[in-house]
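Colleague: sequence plus predicted model, see below.
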Amino acid sequence: MSTDKKYHKKTILQVVPALVSGGVERGTIEIAKKIVDSGYRSIVISAGGPLVAGLEKAGSKHITFNVASKNPIIIWLNAKKIAKIIREEKVDIVHARSRAPAWSCFMAAKATGVKLVTTFHGIYNFRSRIKKLYNSIMTQGNVVIAVSNFVRDHIIKNYKIDKNKIVVIHRGVNHHEFSKDKATPEILQKYRDKYNVPADTPVILLPARMTKWKGHLVLARALEKIKHLNFYCIMAGDLAKHPKYVNRLKTIISEYKIQNRVQLFGNEPNMCNLYSIADIVLSTSIEPEAFGRTIIEAQSMEKLVIATSIGGAAETIEDGKTGFHIEPGNVKELAEKIEYCLSILGTDKDKKIRTAARKSTIKNFSLDIMLEKVMAVYDGM
């Protein structure tokens, strides 16, 4: 750090739609804490939510107003508000982490002359020129952060951008928090009871939103093929957002006569404890994930992980060494891979893969690495 930067208390403003739940929101708080710990000032603008308390506890200032709206008039008015905040708070860098806020941030940054960082958290599907234009705001940062090489390649392929301003920073997991050693016998029993886990039964976990592209139906069909084996499967995710899909999934599970061994649950606020009771963790998405945070969380917890070999998931698993890849939508291959993982539980092979998975996560996908790389972006502007 230069002498000037050392004595200038740089102020970083992050803007995110809300602080309710999710990986982007958690990442915002983690970065805010790192900003404060680095001796800089952190400000976050959002529509608020239950995670605000944790943000403020980390030493960051929070400003509440509706930056989630896609209404062009609201976006324009928000730009005026953000510009005012930039001037009053002497903000040096604005970091936009979602498309609607990014439009407001872009206009505010232009009006005030501050630097803009954007983070591409997803691949943002587009079916029209208008939607593509809307998405393109995420390429307008002075620095554009991509959360995986897959996302970087998507940006270069689909948008007009100087590829030299793209920085790949994989999402990171706090391997101190996501550690199997955190789970006491009391916690393990509590969560086995909470999720109705039968005694002496291997647990298969699919932690994913209840939506078709996450592959729940593929998993149900795969489990039907191996229902003669001993297992218990937990599918955990939001049950309220897509009720028709959830009902269809329940119907299929019932038709396969595996309803006592495959159960659906809502979102789990403490994912570490849920991972703790699992033996095998799955990511069965049939469309590419931008990154796939659940994979590295499970690997950090030393779980056997099976994931489809597309998108960001292809970057987090070394097939056969730190986990396993399968083709998306391939019921037969998924069934065979689950059967194989069940067969090696408790063996030296099992232990070797689990240990390698955690080592790989700490080396390549730790929260510390992610935060250092983000701070290097800020320091370089």
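Modeller: That came through, no problem. Please read all numbers here as calculations on a predicted model, not as lab measurements. Numbers count the residues shown, from 1 in each chain.
Colleague: helix or strand with the lowest mean pLDDT in this protein?
Modeller: helix 3-7 (a mean of 46; mean pLDDT, DSSP states H and E).
Colleague: that one: what's the following helix or strand?
Modeller: Scanning forward in sequence from helix 3-7 by DSSP states H and E, the next helix or strand is strand 11-15.
Colleague: what comes up buried for whichever helix or strand comes after that next one?
Modeller: Once strand 11-15 ends, the next helix or strand along the chain (criterion: DSSP H and E) is helix 23-37. Of all the residues in helix 23-37, those buried under the rule 16 or more other CB atoms under 10 Å are 23-36. In short, each C-beta sits where N, CA and C put it, glycine included.
Colleague: report the lowest-confidence entry in those.
Modeller: The weakest per-residue confidence within the buried residues of helix 23-37 falls on Gly23 (77).
Colleague: residues contacting it?
Modeller: Contact analysis of Gly23 by CB atoms under 8 Å, 6 or more residues apart in numbering lists His121, Arg171, Arg293.
Colleague: go with 7 Å
Modeller: Arg171, Arg293 (CB atoms under 7 Å, 6 or more residues apart in numbering).
Colleague: go on, Gly311?
Modeller: Counted by CB under 7 Å, 6+ apart, Gly311 has contacts Phe150, Pro288, Glu289, Ala290.
Colleague: if you rank the residues you listed by neighbours, which is first?
Modeller: Glu289 (27 neighbours; other CB atoms under 10 Å).
Colleague: can you pull the contacts of that residue?
Modeller: Gly311, Gly312, Ala313.
Colleague: still on that earlier bit, closest one to Phe324 out of the contacts of Gly311, please.
Modeller: Of all the contacts of Gly311, Phe324 sits closest to Glu289, with 15.8 Å by CB to CB.
Colleague: surely that closest one is within a strand?
Modeller: No. Using DSSP: H, G, I helix; E, B strand; the rest coil, the assignment for Glu289 is coil, not a strand.
Colleague: Gln140: how many residues sit nearby?
Modeller: Gln140: 18 neighbours (other CB under 10 Å).
Colleague: and it, what pLDDT?
Modeller: On the pLDDT scale, Gln140 gets 95.
Colleague: equivalent analysis for Tyr134, please.
Modeller: 89.
Colleague: roughly how far does the residue nearest to it when sequence neighbours are not counted sit from Lys132?
Modeller: Distances taken as CB to CB, 6 or more residues apart in numbering put Arg99 closest to Tyr134, at 6.3 Å, once the chain neighbours are dropped. According to CB to CB, to the nearest Å, Arg99 stands 11 Å off from Lys132.
Colleague: so Leu367 touches Asn174, yeah?
Modeller: Yes. Taking contacts as CB atoms under 7 Å, Leu367 lies within contact range of Asn174: 4.4 Å.
Colleague: of the two, who's got more company?
Modeller: Leu367 (23 against 17).
Colleague: ok, that one - contacts?
Modeller: Contact analysis of Leu367 by CB under 7 Å, 6+ apart lists Glu30, Gly172, Val173, Asn174.
Colleague: mind putting those into a markdown table with distance to Glu333 and secondary structure?
Modeller: Formatted as a markdown table, those follow (distance: CB to CB, whole Å; DSSP: H, G, I helix; E, B strand; the rest coil):
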| residue | distance to Glu333 | secondary structure |
| --- | --- | --- |
| Glu30 | 35 | helix |
| Gly172 | 30 | coil |
| Val173 | 27 | strand |
| Asn174 | 32 | coil |
